[in-house]
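Asker: Kindly generate the corresponding structure for this input.
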Amino acid sequence: MTRSTLALHRCPPAYLALCLAVALAAPASAQDTASNGNAQANGPSTANDTNSKASSANAKTLAGMQVTANSTAVSAIAPTQGSTVATQPQSIIGSTYIQENIPPTGDYSDAASIAPSVYTVAPNGAGLMEAAVVSIRGFQDGQYNVTFDGIPWMDSNDFTHHSTSYFTNQETSSVVVDRGPGTAATLGNATFGGTISVDSLNPQSQFNVNPYISFGSWDTAVEGARIDTGSFTSSGTNAVINLQNGESDGYLTYAGQRRQSVFAKVVQPLGENTTLTFAGLWNNLNQYVPFGATKAQIAQYGVNYALNNDPTSQAYYRYNNDKIDTNMAYIGLHSEFSGWTIDNKTYTYGYNHFGYNGEDPNGETPNGTAYSPTDVPGQHMRNTNRSWGDIFRLSKEIGPGEARTGVWYDHQDDIRWLYEFDDTTNQLNPVINPGASTLQLASADRRMNDSLVTIQPFIEYQWNITDNAYFVGGVKYNYFKRDLDAPVNQKTETPLTYSKDWNATLPSAAFHYAFTSNWTAYAQWAKGYLAPNLNLLYVPNPSVSDSAIQPEKTTNIQLGTTWSSDRLTLSADVYKINFNNFVQSRKIGGVTEFYNGGGVHYKGVELEGTYMLGAGFSVYANGSLNRAMQTTDGAWNANTPHKTAALGFIYSNGPVYASLVDKFVGKTYYTANAEDDTPIGGYAVTNFAASYKFDPHISDVKDFKIGFQINNLFNNTTINALAGTTAADGTPLFFTIPARNFNFTVSADLF
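Answerer: As a prediction, this is how the structure comes out:
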């Protein structure tokens, strides 16, 4: 094994036995509850109500017309598909596409990347580093929700997500990209730009052990086990557990990763109408993380340059290391009786991150610390948070429809600190405030304790107007409070104790019409919301801006239609979104203050569809035309492609699966500084996947499956994203498309 994974300590002899034992179980098979992707559509707030039937009335019979959620043959193999019961644009990505086409190291962002209007950047290979960009219609991470089994999770400071730090590809049954704020029942701090909903594995009805092992480019290896218990009590209790170990050197130089993950879910029926669900996951991640490379570095060292093996350099890989532990657990109760539906999830999740980086890995800041002019300067940080929350939903059939209400409560506590360090001697570097009373304060860029509380009650009513039509209207109230206790506040490096709350009222309305059982349409008007970020408090006196700041909001107008039959699934939509209350900063008399100014106008058209040609062959395509213009100066919004498109050919017949899928991302702009607004040209990436399942005629082995993937088939390694800028001179840093790479996977169904 080469490069940085050597430093991640391969399995010691004692652990090798466990690794081999873990390898005696297998991934979610391609047909693992093929209906999982379809079940996502059971409700108007699909992406926020996954695994809950509290708002599933839209999938019920409307005066004799049964509208289903794409339970057709083509839906089992479609990479993405719309929903015949949704009231906003939605792309459902089912288990077949995820397990057959996404590398075993991948995560939800790699799955979402195929959807129309979605633009993602995975600089180190799928799942081998946090996604650098996940953009939906130009909305960036932090401007939309990500949920896991209906639970919104995020870093509370800016609502971004760590794509590699929680659930793995093998623990995911489906991903839904909702492009809109949803109805009043859609919960989260960033309904502003939509929701990516991740659904976890569901236990299978029969006992099964599925081992899998995968090898690939860059010394990548993944070993794991999925175990389904089947029903093991008289009441029908069943469970699923997935154990996984993965490691890779990564595409970028010295950017290795090692990851272990455990996921478990237990489903306990309580009588005929009630189900209790327990679910939990634990994830451990150790990786070396670069910041990108300048064009000069790319030209000199190659397109995959990132870190190096020189202990005298700030780019030395051991100085640029993330150690992350995460966990999540919930208890869910779902019950239906006498026209009532009750759904409740009580949950907690935690994120513990120790991070280390050179002061300037890209070489514009010379070495030198308070101890020696040749010592290597660096930074050590810790971010840790813990959320506790509850989501309660209640619905009742009343009159010609259904009334729904509920509330989301979430409390998150955070610890954030960052210290200047001498990496050569491994001690604090007192260069921030040399005259401080302690070495810690003299070296601290920030020492902060903050918390946020979110309370979102909602009420809505679905009025079944006719046999084929219904209207959903409702309102959500959002209360949001931040508390900050900072001995050293970020940016100001001065003490601050402060508390501030905001609120917003968010109405929504949607109309759904079924022309036939296979063809439906919708119209939506809704307000989206983005809670204020913690950076509003990174000033000496936040009260200066208190009266001026309102939460950022969107007003969405969307029209769409979906057709679904045995051989064709097709959906299309048009949208117009006005984003206002853009939070900006300025200095008046040397005092930084925030204010609302301008926004962005978004509009576009999106299409997606899959057609079964026959004899196992299908063709898939999607596309979008997107426009996002800033209202203040008419400039194009950063990280918003002008267009996206995908074209794929799929063969699925019995034990054989094969696909060839190309995703195109149009020209995007970034703004590195006031004088540099440079486009990144359009590019395309083509991936090939194939698998074969057969009976090996071995005792206790039901079937055996081999799979092969070639990613970036035509080896396109052009620049595809701005990674940021250097701290010293503001020089742009870039990421490139990972070179052609492969994965070979073997799995089995035992017993």
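Asker: How about the secondary structure of the residue in the chain sticking out farthest from the centre?
Answerer: For the chain, the C-alpha farthest from the mean C-alpha position belongs to residue 435; by CA atoms, centre = their mean, that distance is 43.4 Å. Under the three-state scheme (DSSP: H, G, I helix; E, B strand; the rest coil), residue 435 adopts coil.
Asker: And what about the nearest residue to it once chain neighbours are set aside, helix, strand or coil?
Answerer: The shortest distance from residue 435 to any non-neighbouring residue, by CB to CB, 6 or more residues apart in numbering, is to residue 442 (7.4 Å). Bear in mind the C-beta positions are built from the backbone N, C-alpha and C, glycine included. Residue 442 carries the three-state label helix when classified by three-state DSSP.
Asker: I'd say residue 442 and residue 427 touch.
Answerer: No - with contacts counted by CB atoms under 8 Å, residue 442 stays clear of residue 427, the gap being 11.9 Å.
Asker: Pick out whichever of the two has more residues nearby.
Answerer: residue 442 (19 against 15; other CB atoms under 10 Å).
Asker: residue contacts, that one?
Answerer: Neighbour list for residue 442: 428, 430, 431, 432, 433, 434, 435, 436 [criterion: CB atoms under 8 Å, 6 or more residues apart in numbering].
Asker: what bridges to the nearest residue to residue 248 once chain neighbours are set aside?
Answerer: Closest residue in space to residue 248, ignoring its immediate chain neighbours: residue 220 at 3.8 Å, by CB to CB, 6+ apart. Beta bridges link residue 220 to residue 216, judged by DSSP bridges.
Asker: What of residue 504?
Answerer: The partner residues for residue 504, given DSSP bridges, come to residue 478.
Asker: Number the chain from 28, please
Answerer: Let's use 28 as the start, then, which means that last one is residue 531.
Asker: residues in contact with it?
Answerer: 504, 505, 556, 578, 580.
Asker: For residue 646, see how far away the spatially closest residue to residue 159 that is not a sequence neighbour is.
Answerer: Of all residues not flanking residue 159 in the chain, residue 148 sits nearest, at 4.3 Å (CB to CB, 6+ apart). For residue 148, the distance to residue 646 equals 27 Å [CB to CB, to the nearest Å].
Asker: So between the two, which is more surrounded?
Answerer: residue 148 (22 against 13).
Asker: How confident was the prediction at that one?
Answerer: We have a pLDDT of 90 for residue 148.
Asker: Settle this for me: it is touching residue 761, isn't it.
Answerer: No - using CB under 8 Å, residue 148 is not in contact with residue 761; the gap is 10.2 Å.
Asker: shared neighbours, those two?
Answerer: What both residue 148 and residue 761 touch, as defined by CB under 8 Å, 6+ apart, is the set residue 748.
Asker: Including distance to residue 526 and pLDDT, could the contacts of residue 531 go into CSV?
Answerer: Shown next, in CSV, are these (distance: CB to CB, whole Å; pLDDT from 0 to 100):
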residue, distance to residue 526, pLDDT
504, 20, 96
505, 18, 94
556, 21, 86
578, 17, 79
580, 23, 86
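Asker: Would you mind checking those for buried ones?
Answerer: Applying 16 or more other CB atoms under 10 Å to those, the neighbour count classes 505, 556, 578, 580 as buried.
Asker: for the first one, what are its contacts?
Answerer: Listed by CB under 8 Å, 6+ apart, the contact set of residue 505 reads 481, 482, 483, 530, 531, 532, 533, 556, 558, 578.
Asker: How about residue 249?
Answerer: Applying CB under 8 Å, 6+ apart, the residues contacting residue 249 are 131, 132, 239, 240, 241, 271, 272, 273, 772.
Asker: Could I get these in a markdown table, plus columns for secondary structure and neighbour count?
Answerer: Shown next, in a markdown table, are the contacts of residue 249 (DSSP: H, G, I helix; E, B strand; the rest coil; neighbours: other CB atoms under 10 Å):
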| residue | secondary structure | neighbour count |
| --- | --- | --- |
| 131 | coil | 29 |
| 132 | coil | 28 |
| 239 | strand | 28 |
| 240 | strand | 23 |
| 241 | strand | 22 |
| 271 | strand | 24 |
| 272 | strand | 21 |
| 273 | strand | 23 |
| 772 | strand | 22 |
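Asker: farthest-separated two in those residues?
Answerer: By the measure CB to CB, 272 and 772 form the most distant pair in those, at 14.4 Å.
Asker: could you pull out the helices for the stretch 428-577 of the chain?
Answerer: Counting by DSSP state H, counting those that start in this stretch, one finds helices in the stretch 428-577 of the chain at the ranges 466-470.
Asker: go on, the chain?
Answerer: Using DSSP state H, the helices of the chain run over 40-49, 62-66, 122-128, 135-139, 322-328, 466-470.
Asker: Could you point out which residue ranges in the stretch 678-778 of the chain have low pLDDT?
Answerer: 698-705 (pLDDT under 70).
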